[in-house]
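Trainee: okay, here's the prediction I keep looking at, along with the sequence it came from:
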Amino acid sequence: MEAFAQIEEGREKKRAALLSVGSAVLLVSLKTFLVVRTGSLGVLSEALHSSLDLIAAIITFLSIRMSDQPADERHPYGHGKFENFSAFVETGLLALTALYIIYEAFGRLFFRSVHIQPSVMAILVLLAALSIDLTRAQALRHVARKYSSEALEADALHFSTDVWSTIVVITGIGLVWTGETWNLPWLIYADALAALAVAAVILWVGSQLGRRTLDALLDAAPEGLQQEIARAVARMDGVLDVDRVRVRRAGNRHFVDATVSVARTASLAQVHALSDAIEKRIGEIVPSDVMVHAEPRAPQGEHLFEAIRAAAQRMGLAIHDVHALQQDGRLFIELHLEVEENLSLREAHRQASELEDKIRELRDGAIDVNIHIEPLGRHIATPDAGIDEMKQLSSAIEEFLNHLRMEFDELLNCHDVRVRQVEHHILVSCHCTMKSELPITQVHDVTAALEDRVKEKFQQIYRVTIHPEPFEEQ
């Protein structure tokens, strides 16, 4: 679908550019004819301006053909800069044309006189040219805005200036004609003054276009866009801060690099999901190719347990069951460390000692640490006992657990009890429904007590795992 849209975009842009070339050829022909018939400097300036537009339209058409080509090995960011370069060339042509018109106008004002032959036909032809300019400028502007094409926008801008300059020339010819009719010889200078007005319009438009295209060629960020992106990204959940945003433009495409700070305890999967969300959010602001770089940071007011988990994570260690006790001005930390099953005690103890040192550094050594070392579970076992025997034990355990409701007010019922004998160990798992409004700390204490009671009653059981669930999920 996206590839089809890109093909359709290319076709529409090329069609608009080709239409612009055809219109420019027609206008140059009409205005050249008028120059021969009238000798008007204003019409000559218009003819030169339209000749420039023809060259610019051809450059625009060629640049669009190049810029729409996909990225390749030598041009990994695509060929969009061709549009910016063509607009820059058009700026130079505009300046040269304006300088020639100014030179010719001052020559006619102060050094020589040229006889002008105004006529109704000249004005009619210029009015026809004016209608062509209006139609083409509107068509180009529509496509330029639809696809953010700087080359087409420059072409549309040229034809917009043609509208104003043609009006000025028509006014100049009309004033010259009025001077001849009413014997006002000083109005003969109106044509040269009209030409100077056209030159002023060309220089003004050229300066605006030149500044924009030079900014694009020098990778200047569009005004206000970086700040808008930074504010939008900073408001997203999971982003602690926006360190840097860089934006560059090539043709109608933007490339955005964003560096953000995220919680150092976030997993790689979480950071990847956040990066995708950031890319999507920036794409809503401006269609762009986005690169997100995430920097791990400690959140403001980070809890000690999170700092401990971050320290373990940086060392590539897995921990759980972190507990803390404050006594006599010192902090006592207990936790479980999971290590590879094939490690020796010496190697496992070395990892635990290194983690203890990192934890002590968090509070300048005023911490006592005790680490329980256990194997990191990777082995997938298979049951090794008869099914009938395990079913009988499952029923007995379920009956016992439901009988404990008299002792534990939090417990509503227990179900789905499963018993398996795996590698000579009997393992029990079940679901227990509890009151939904209970805090999870209280639920954890209850499940731990239930597990202990089951192991006391059925001493052959090696491990009990209880899954608590609210009443609504039963």
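Mentor: Cool, the structure landed.

Trainee: use CA for all of it now, contacts and neighbours both
Mentor: Noted.

Trainee: contact partners for Ala348?
Mentor: Counting by C-alpha atoms under 8 Å, 6 or more residues apart in numbering, Ala348 touches Val339, Ile373.

Trainee: now do it against Ile333, distance only.
Mentor: 19 Å (C-alpha to C-alpha, to the nearest Å).

Trainee: check the secondary structure at Asp257 for me.
Mentor: strand (DSSP: H, G, I helix; E, B strand; the rest coil).

Trainee: for it, give me the pLDDT.
Mentor: As summarised for this prediction, Asp257 has a pLDDT of 89.

Trainee: before we move on, what about Ala277?
Mentor: For Ala277, the predicted pLDDT is 94.

Trainee: distance of it relative to Glu284?
Mentor: For Ala277, the distance to Glu284 - C-alpha to C-alpha - is 11 Å.

Trainee: the more surrounded of the two?
Mentor: Set side by side, Ala277 and Glu284 show more neighbours around Ala277, with 15 against 11, by other C-alpha atoms under 10 Å.

Trainee: name the helix or strand for the more buried one, please.
Mentor: According to DSSP states H and E, Ala277 maps onto helix 268-285.

Trainee: just the residues contacting that helix, thanks.
Mentor: 229, 232-233, 236, 238, 262, 288-294.

Trainee: redo the residues you listed as JSON lines? Include neighbour count.
Mentor: Formatted as JSON lines, the contacts of helix 268-285 follow (neighbours: other C-alpha atoms under 10 Å):
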{"residue": "Ile229", "neighbour count": "23"}
{"residue": "Ala232", "neighbour count": "14"}
{"residue": "Val233", "neighbour count": "23"}
{"residue": "Met236", "neighbour count": "14"}
{"residue": "Gly238", "neighbour count": "16"}
{"residue": "Val262", "neighbour count": "22"}
{"residue": "Ser288", "neighbour count": "19"}
{"residue": "Asp289", "neighbour count": "15"}
{"residue": "Val290", "neighbour count": "18"}
{"residue": "Met291", "neighbour count": "15"}
{"residue": "Val292", "neighbour count": "17"}
{"residue": "His293", "neighbour count": "13"}
{"residue": "Ala294", "neighbour count": "19"}
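
Trainee: need these in CSV (columns: distance to Phe458, secondary structure and pLDDT).
Mentor: Formatted as CSV, these follow (distance: C-alpha to C-alpha, whole Å; DSSP: H, G, I helix; E, B strand; the rest coil; pLDDT from 0 to 100):
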residue, distance to Phe458, secondary structure, pLDDT
Ile229, 62, helix, 91
Ala232, 59, helix, 93
Val233, 56, helix, 93
Met236, 52, coil, 92
Gly238, 47, coil, 89
Val262, 48, strand, 90
Ser288, 64, strand, 79
Asp289, 62, strand, 81
Val290, 60, strand, 89
Met291, 58, strand, 90
Val292, 55, strand, 92
His293, 54, strand, 93
Ala294, 51, strand, 92
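
Trainee: what mean pLDDT does the host helix or strand of Val89 get?
Mentor: In this structure, Val89 sits in helix 81-110 according to DSSP H and E. Across helix 81-110, pLDDT averages out at 69.
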